[in-house]
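**Q** Below is the sequence, then the predicted model.
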Amino acid sequence: MRGRWPGAAGAGTEGAGAGAPPDVNASFAVLAGDGIGPEVTAAATAVLGAVAEQFGHAFSFEYGLIGGASIDATGEALSDTTLEMCRAADAVLLGAVGGPKWDGGGLRPETGLLRIRKELSLFANLRPIVVPEALAGASPLREELVRGVDILFVRELTGGIYFGPSGRDGDRAWSTMEYSVPEVERIVRVAGDAARGRRGKVTSVDKANVLEVSRLWREVAARVMADEYPHVEYEVVLVDAMAMHLLARPRDFDVVVTGNMFGDILSDEASMLPGSLGMLPSASLGAGRPGLFEPVHGSAPDIAGKGIANPLGMILTAAMALRHGLGLADEAAAVERAVEHVLAAGHRTGDFGGEVGTVEMGSLVGAAV
Ligand code: NAD
Ligand code: IPM
Ligand code: MN
C-alpha cells in the first residue's frame, strides 16, 4: 500500500530505486552532521532497525562526516573519503549541517552539502508536504484550509543561483542565476512523471516577469508539458504570488516544480501547513544510485543538544530512502503508517507543544512499525 507522504508514486528519475528488486541487504551511509542532525538521525536509524527486524532484511549503517563536524576533524566540509563511502552505499541519509560555530567567516559547513548534491548529480529534490489528519488542527492556518493538503514540491537542486558564477570584488558581490534547456527539461519531466501517478496537475513557479532565466524556464517547461504530458493539467504562477496562494488555497496544488532557490524558500513556508519544519522529509535523486535523503530542516542550533527535536521529518526521510532509494515501497508505507499512528495517539514533540523527546518519539514509531 502506498503511504501518503511520498505522494510521489512514479516520481521517478530512473534508476533511483523505481522498479528495482528489493535489496534486502541494504547499506546506508549515514552523515549525521551538526546540531540536531545526530539526534534525529539516531531516531531514524532506530526506526530502520525496526523495519529490518519486522521485514527480515539486513540493513548496515556506515557513518561519515559532513559539515561543521567534518571541518573540525579534517579541515574540509566534505572529504573524498566520505564521498567515496557514500558512492558505495545503496542510500545516503543526511541529518543537517551548519551552526553558529562556523558562521564567522572561513569555510562554511553548507558547502559540504552543496558538494555532495553536485558530485552525486542529485538534480531532483522531492519535498512532499502532507497534512496528516492528526495535525490538521496544529497548523497556524485554519484547519479547514489545510485539511487534506498533499503537495509534492519538485525543487531543482544542482543549478540556478546556488551554482551560477559568483564572486566578490571590493565593495561589489554577485551570485548569478543560470539555467540551461536540458536542466529545465529534466526537472520538468520529474514533475510530469510524478503528476501522472498523483492528481495530474503541475504548477511551475518562476519570476518570468522580471528574470530572463525564468523566461527560458517558462518556455522550456511549457514545451515539455505540452509535448510530453498533454494529459497533465499545467499552469504557471509567479513566485511572489505563489508565496501567497500556498497559504490561501494550498489544496489547489498537486505537483509544484521550481528552481533551486524558490523551492528552498517555498518549502520552508509550506512547512507551516502541517505546522512544523520538523515534519518535512525530502529525497534528492539523480540518474542513478545512491540518492541522498535529507529532511528539509536545518541543524536547529536553538534546540540542539537538548533531546527535544522532532525526528519525524528525518524518520519520514528514511521512509523515502526505503521507497526511492531501495525500492522497498511496503516498508516505506509501514513507516509512514507508524508515524500517522503515533500522531493519532496524541504523541507530540516540543515544536507542537508536546513533551515527547527525540529518542522517545523514535521508539514510539519503531514500536508502531
Ligand atoms: P533550521 O531549519 O535549522 O531551524 C529553523 C527553526 O525551526 C528553528 O527554530 C528550529 O528550532 C526549528 N526546527 C527545525 N527543525 C526542527 C525539528 N526537527 N524539530 C523541532 N524544531 C525544528 O534553520 P536555521 O536556524 O535558519 O539554520 C540553522 C543552520 O542550519 C544554518 O547553518 C543553516 O545553513 C543550516 N541548514 C542546514 C540544512 C541542511 O543541512 N539540510 C537545511 C537548512 C538549514
Ligand atoms: C536546504 C538547506 C540548504 C539549501 C542549505 C543548508 C545549503 O536550506 O536543504 O533546504 O539551501 O539547499
Ligand atoms: Mn532550506
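**A** Right, received. Where do you want to start? Numbers count the residues shown, from 1 in each chain. Ligands and ions are numbered 1, 2, ... in the order given.
**Q** For the residue in the stretch 101-250 of the chain that ligand 2 sits nearest to, what are phi and psi?
**A** Here the residue of the stretch 101-250 of the chain nearest ligand 2 is Glu110; by Cβ to the nearest ligand atom that distance is 4.0 Å. All C-beta spots, glycine's among them, are computed from the backbone N, C-alpha and C. In terms of degrees, to the nearest 10, the main-chain angles of Glu110 are phi -60, psi -30.
**Q** OK, contacts around the nearest residue to it once chain neighbours are set aside?
**A** In space, and not counting its chain neighbours, Glu110 is closest to Gly98: 5.6 Å by Cβ to Cβ, 6 or more residues apart in numbering. By Cβ atoms under 8 Å, 6 or more residues apart in numbering, Gly98 lies in contact with 34-35, 67-68, 108-110, 298-299, 301.
**Q** And the residue of the stretch 151-300 of the chain that's closest to ligand 1?
**A** Closest point on the stretch 151-300 of the chain to ligand 1, by Cβ to the nearest ligand atom, is Gly298, at 2.3 Å.
**Q** Which residue is the nearest non-sequential neighbour of that residue?
**A** Counting by Cβ to Cβ, 6+ apart, the residue nearest Gly298 is Ala96, at 5.0 Å.
**Q** check contacts around the one you found.
**A** 33-37, 40, 67, 294-295, 297-300.
**Q** What subset of those is buried?
**A** 33-37, 40, 67, 294-295, 297-300 (16 or more other Cβ atoms under 10 Å).
**Q** need the residues of the stretch 251-369 of the chain near ligand 2, please.
**A** Counting by Cβ under 6 Å from any ligand atom, the residues of the stretch 251-369 of the chain close to ligand 2 are 264, 296, 298.
**Q** Save these as CSV, and put in secondary structure and pLDDT too.
**A** Shown next, in CSV, are these (DSSP: H, G, I helix; E, B strand; the rest coil; pLDDT from 0 to 100):
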residue, secondary structure, pLDDT
Asp264, helix, 98
Val296, coil, 98
Gly298, coil, 98
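**Q** Please, where are all the helices along this structure?
**A** 37-55, 68-74, 80-87, 110-119, 143-146, 181-196, 212-228, 239-248, 260-270, 312-320, 329-344, 358-368 (DSSP state H).
**Q** Buried deepest among the ones you listed, which one?
**A** Among the helices of the chain, helix 312-320 has the highest mean neighbour count (mean count of other Cβ atoms under 10 Å), at a mean of 30.
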